[in-house]
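> what shape does this take:
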Amino acid sequence: MSGKDKGLSFRRLFFRDTETDAQEKQIPDTKPVNNNNQEDFITNKIQVSAVGAQEQLLVEDYVQRLQNLINQHNQPGFDFLEFTESLFEEKQNPNPEVYKTVFRIAQKIDKSLTPLRLLDSAMFYKDLVQRTADTEIAKGATKKQGLQAEKDTEKNNLENSLKETRAKIQQLSRQIQELQNQDIAFNNQLSAIDQKYGNQFIDIDRKISAIRNAKEQVIVSIVDIEAGIKSNLS
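Prediction:
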């Protein structure tokens, strides 16, 4: 089987639990990973609507990527990868007899093939997947920590700004209360000002009236005497 075709049956190892006998579940198209294994699994975006569907598509997408990774690192000769492909070409859920039959056929292709060699190559692919997944998980954890730190910084800045704003509000509230108290005091003083000066105005008016009366009386007396002088002594 050519390098391009390797893994086409092997995919059933990963997806057989979600497939039905009637129709195989469609897998989203993905680009094969680069040989340097530097593709960023974590930050790759998949646009879907439903949350459940999104999670399932993400799982299937990463399974496909890991499968591509395994295919790119396919070891020479007939190993675990080719053996697994042959298994699932024979049957959806291979039984012990299928295992034995496929192994006998494989030994005809590669007489040096042994169960131990199959297990060793399986360990190779398993370690490859483990290392790759651990690396991507570590990237995700690092990115999450960075986002958490960014979130904490932004949150702390907003909380500090909120505290300052609330402190200013309290200060302004006290100033407003003081001004309101002054307003009441001045209004009370304004209301009492007529009474404060009213008595003084009355006292002055009384004195002015008394002076006028006294003046009239004195002048009348003077005029009377003045008239008596003119009439009696002239």
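
> please count neighbours and contacts with C-alpha atoms only from this point.
Fine.

> just checking, what packs against whichever helix in the chain runs longest?
Taking DSSP state H as the assignment, the helix of the chain that covers the most residues is helix 115-233. Judged by 3 or more CA pairs under 8 Å, 6 or more residues apart in numbering; DSSP states H and E, helix 115-233 is in contact with helix 51-72, helix 80-90.

> would you reformat those as CSV and include distance to Glu154?
Converted to CSV, these look like this (distance: least, CA to CA, whole Å):
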stretch, distance to Glu154
helix 51-72, 27
helix 80-90, 49
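
> which of those sits most buried?
Mean neighbour count (mean count of other CA atoms under 10 Å) peaks for helix 80-90 among those, with a mean of 19.

> so which residue is dead centre in the chain?
By CA atoms, centre = their mean, the chain has its centre lying nearest to Lys151, at 7.4 Å.

> pLDDT score assigned to that residue?
Listed pLDDT for Lys151 reads 97.

> just to revisit the earlier point, tell me what angle the longest helix of the chain forms with helix 51-72.
Helix 115-233 runs at 140 degrees relative to helix 51-72, counting by axes from the mean of the first three to the mean of the last three CA atoms, to 10 degrees.

> please renumber the chain so that the first residue is 211 from this point on.
In the new count, where the first residue is 211, that last one comes out as helix 325-443.

> any idea of the mean pLDDT for stretch 418-428?
The pLDDT scores in stretch 418-428 average 93.

> then stretch 433-444?
On average, stretch 433-444 scores 87.

> which residues of this protein score low on pLDDT?
Counting by pLDDT under 70, the chain contains low-confidence ranges at 211-261, 300-301.

> kindly recompute the last result at 80.
Counting by pLDDT under 80, the chain shows low-confidence ranges at 211-261, 300-302, 444.

> gap between the residue nearest to the centre of the chain and Thr352?
14 Å (CA to CA, to the nearest Å).

> for the helices and strands packed on helix 325-443, which one sits closest to Asp434?
Ranking the helices and strands packed on helix 325-443 by proximity to Asp434 (CA to CA) places helix 261-282 first, at 120.7 Å.

> which elements pack onto that closest one?
If contacts are counted by 3+ CA pairs under 8 Å, 6+ apart, helix 261-282 sits against helix 325-443.

> ok, now with 10 Å
If contacts are counted by 3 or more CA pairs under 10 Å, 6 or more residues apart in numbering; DSSP states H and E, helix 261-282 sits against helix 222-225, helix 325-443.

> minimum distance to Asp415: which of the helices and strands packed on helix 325-443 has it?
Evaluated with CA to CA, the helices and strands packed on helix 325-443 place helix 261-282 nearest to Asp415, the distance being 92.8 Å.

> now the angle from that closest one to helix 290-300?
Calculated by the same axes, to 10 degrees, helix 261-282 forms an angle of 120 degrees with helix 290-300.

> residues touching Asn367, list them.
Applying CA atoms under 10 Å, 6 or more residues apart in numbering to Asn367 gives the contacts 361, 373.

> count the residues that sit near Asp330.
Asp330: 14 surrounding residues under other CA atoms under 10 Å.

> now do the contacts for it.
The neighbours of Asp330, taking CA under 10 Å, 6+ apart as the test, are 289-290, 324, 336.

> likewise Leu338?
Neighbour list for Leu338: 276, 279-280, 283, 332, 344 [criterion: CA under 10 Å, 6+ apart].

> tell me the phi and psi of Asn305?
phi -100, psi 180 (degrees, to the nearest 10).

> distance check, it against Phe290.
Counting by CA to CA, the separation of Asn305 from Phe290 is 17 Å.
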